[in-house]
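> The sequence and its predicted three-dimensional model are supplied below.
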Amino acid sequence: MRIEALELIEINMPLVHFFQTSFGKTSQRRIILVRVVDQNGAEGWGECTAGETPSYCEEWTESCWITIEKILAPMILGKEIPSAEHTWDLMQRVRGNRMAKAAIETAIWDLEAKILQTPLWRHLGGARQEIPCGVSIGIQNSLDELLQKIQKELEAGYQRIKVKIAPGWDFDVIKKIRDVFGMIPLMGDANSAYSLNDSDLFKKMDEFELMMFEQPLAYDDIIDHSKLQKQLETPICLDESIRSPEDARKAIEIGSCRIINIKNGRVGGHKQSKLIESICRNEQIPVWCGGMLESGIGRAHNIAMSTLEGFTLPGDVSASKRYWHEDIIEPEVEVTAKGTIIAPETPGIGFSVRKDRIEKLAVRKTLIRQ
Ligand code: OSB
Ligand code: MG
């Protein structure tokens, strides 16, 4: 493959409902899309999952735009790329900036699968076409609103409920959910809001028998997590802390977690995700696919990734309509009554990209050529 042009498009999309975590509130996404074009005019699409501010990690929309435009695109354009798997190596000289890298890398995987006329999920080595799905529910204005949302998602068939927790929105909230809904598959995501000083709170929450606590401690920590995990019955799942296959290996080795959430953006794309999945599978650590409030393009990549063998737990991969009035892909992502998504048979990401819609939502574009 040779990439002749790379287009960056920023779209602004209002969320159906604000999404609040321990680190902040989002009402409108600023999403960068990457379109790569090869020497024959074939296209691939990727999505940059960075947030609007550097709050989940260091990267954010502006930093990714400039990094892709000035640094990463020139490393890719015009180069002979033996296969999508080699894309990561071409960007090796750049430290970090994994969300920026993943936007390009995943676009090249889509392109390659389209050239091969095979669905991306098969091309990645997917083991099953139907994936289990859960939902992530942000912090709400009131407990009543949260309970209503949970009710709605259970009725839709989702296989597990994740609620965001933060100091002041934790023990009592989980207790109420257990009182109202009983032993539903439930978990809490703290997005790094706590420290080891809160160990007693987590020990107390063991009584709720949650599926896991996601990222209770610092975003860059594995040491304190290992201390906390040893005091708990409930498995810890790491999200923010796992940025590379090496991070996964070390976290597992020192017992920082019993579950890992994989996100293409956080780890640098499909190749890195596959490596982490494989390490975890060998160590019998279940994984699941996290979400970053993606548009349909990122969502489609997440679906493909979730078909890999090690993704045994329901992921944060849910229907388009939970986030968007109108998505940028066709058809939109839909969930079956059993709370599953069926990966499409169409080549590449398997959904067609709605250029008309992207055109309407675009706030800036740049076409980069060699
Ligand atoms: O920690 O998983 C997270 C959204 C933005 C940033 C971080 C996270 C999330 C979510 C949303 O939980 C998952 C989704 O896209 O449905
Ligand atoms: Mg998380």
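Yes, it's here. Numbers count the residues shown, from 1 in each chain. Ligands and ions are numbered 1, 2, ... in the order given.
> what about the host helix or strand of N302 and ligand 1, touching?
If you go by DSSP states H and E, N302 is part of helix 296-306. No. If you take CB under 6 Å from any ligand atom as the test, helix 296-306 misses ligand 1, and the best it gets is 8.2 Å. C-beta coordinates here come from the backbone N, C-alpha and C atoms, glycine included.
> tell me what the following helix or strand past that helix is packed against?
Going down the chain from helix 296-306, the next helix or strand is strand 329-330, by DSSP H and E. In terms of contacts (3 or more CB pairs under 8 Å, 6 or more residues apart in numbering; DSSP states H and E), strand 329-330 is packed against helix 296-306, strand 352-353.
> which one of these has the most crowded surroundings?
Per-stretch averages of neighbours, counted by mean count of other CB atoms under 10 Å, single out helix 296-306 among these, with a mean of 28.
> In the stretch 101-250 of the chain, what residue comes closest to ligand 2?
Nearest to ligand 2 in the stretch 101-250 of the chain, going by CB to the ion, is D239, at a distance of 3.6 Å.
> from what I can see that residue touches L217, true?
No. D239 is not in contact with L217 according to CB atoms under 8 Å; the separation is 11.3 Å.
> okay, the two: which has more neighbours?
L217 (29 against 22; other CB atoms under 10 Å).
> picking that back up, turn the helices and strands packed on strand 329-330 into CSV, columns for mean pLDDT.
Listed next are the helices and strands packed on strand 329-330 as CSV, based on pLDDT from 0 to 100:
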stretch, mean pLDDT
helix 296-306, 98
strand 352-353, 98
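> how about those in a markdown table, adding distance to ligand 2?
Shown next, in a markdown table, are these (distance: least, CB to the ion, whole Å):
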| stretch | distance to ligand 2 |
| --- | --- |
| helix 296-306 | 14 |
| strand 352-353 | 27 |
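> want to throw those into JSON lines with distance to F213?
Output for the helices and strands packed on strand 329-330, formatted as JSON lines (distance: least, CB to CB, whole Å):
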{"stretch": "helix 296-306", "distance to F213": "22"}
{"stretch": "strand 352-353", "distance to F213": "37"}
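> From the chain's centroid, how far away is the helix holding N302?
The chain centre lies 9 Å from the centre of helix 296-306; the measure is CA atoms, centre = their mean, to the nearest Å.
> Now do the strands in the stretch 201-350 of the chain.
Using DSSP state E, counting those that start in this stretch, the strands assigned to the stretch 201-350 of the chain run over residues 213-214, 236-238, 259-262, 287-289, 329-330, 340-342.
> With mean neighbour count and mean pLDDT added, can I get these in CSV?
Formatted as CSV, the strands of the stretch 201-350 of the chain follow (neighbours: other CB atoms under 10 Å; pLDDT from 0 to 100):
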stretch, mean neighbour count, mean pLDDT
strand 213-214, 28, 98
strand 236-238, 26, 98
strand 259-262, 25, 98
strand 287-289, 27, 98
strand 329-330, 16, 98
strand 340-342, 19, 98
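> Mind putting these into TSV with distance to C280?
As requested, these are exported to TSV (distance: least, CB to CB, whole Å):
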stretch	distance to C280
strand 213-214	15
strand 236-238	11
strand 259-262	6
strand 287-289	5
strand 329-330	29
strand 340-342	21
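> L275 contacts E246, correct?
No. Between L275 and E246 there is no contact under CB under 8 Å: 9.5 Å.
> Neighbour count: these two, which is higher?
Shown here are L275 and E246; by other CB under 10 Å, L275 has more neighbours (19 against 12).
> residue in this protein nearest to ligand 1?
Residue of the chain nearest ligand 1, by CB to the nearest ligand atom: G291 (2.4 Å).
> Quick one: residues contacting that residue.
136, 263, 299, 302, 315-318 (CB atoms under 8 Å, 6 or more residues apart in numbering).
> Pull the most distant pair out of the residues you listed.
Within the contacts of G291, K263 and S318 form the most distant pair, 14.5 Å apart (CB to CB).
> Which of these two has more residues huddled nearby?
Applying other CB under 10 Å to K263 and S318 shows that K263 carries more neighbours, namely 28 against 24.
> now I177, what's its secondary structure?
helix (DSSP: H, G, I helix; E, B strand; the rest coil).
> Mind exporting the C-alpha coordinates of the helix holding N302 to PDB?
Output in PDB follows, covering the C-alpha atoms of helix 296-306 (Å, rounded to 0.1, in the frame of the first residue of the first chain):
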ATOM      1  CA  GLY A 296     -20.000   5.700  14.000                       C
ATOM      2  CA  ILE A 297     -16.500   5.400  12.500                       C
ATOM      3  CA  GLY A 298     -14.700   4.800  15.800                       C
ATOM      4  CA  ARG A 299     -17.700   2.700  17.000                       C
ATOM      5  CA  ALA A 300     -17.300   0.400  13.900                       C
ATOM      6  CA  HIS A 301     -13.600   0.000  14.600                       C
ATOM      7  CA  ASN A 302     -14.500  -1.000  18.200                       C
ATOM      8  CA  ILE A 303     -17.000  -3.600  17.000                       C
ATOM      9  CA  ALA A 304     -14.300  -5.200  14.800                       C
ATOM     10  CA  MET A 305     -11.800  -5.300  17.600                       C
ATOM     11  CA  SER A 306     -14.400  -6.800  20.000                       C
END
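> mind checking the SS state of T53?
Going by three-state DSSP: T53 is coil.
> Spit out the contact partners of it.
Counting by CB under 8 Å, 6+ apart, T53 touches 24, 60.
> Now do the contacts for W169.
Counting by CB under 8 Å, 6+ apart, W169 has contacts I139.
> Local confidence estimate at it?
On pLDDT, W169 comes in at 97.
> next one: Q370
84.
> Relative to V317, how far out is it?
To V317, Q370 is 35 Å away according to CB to CB, to the nearest Å.
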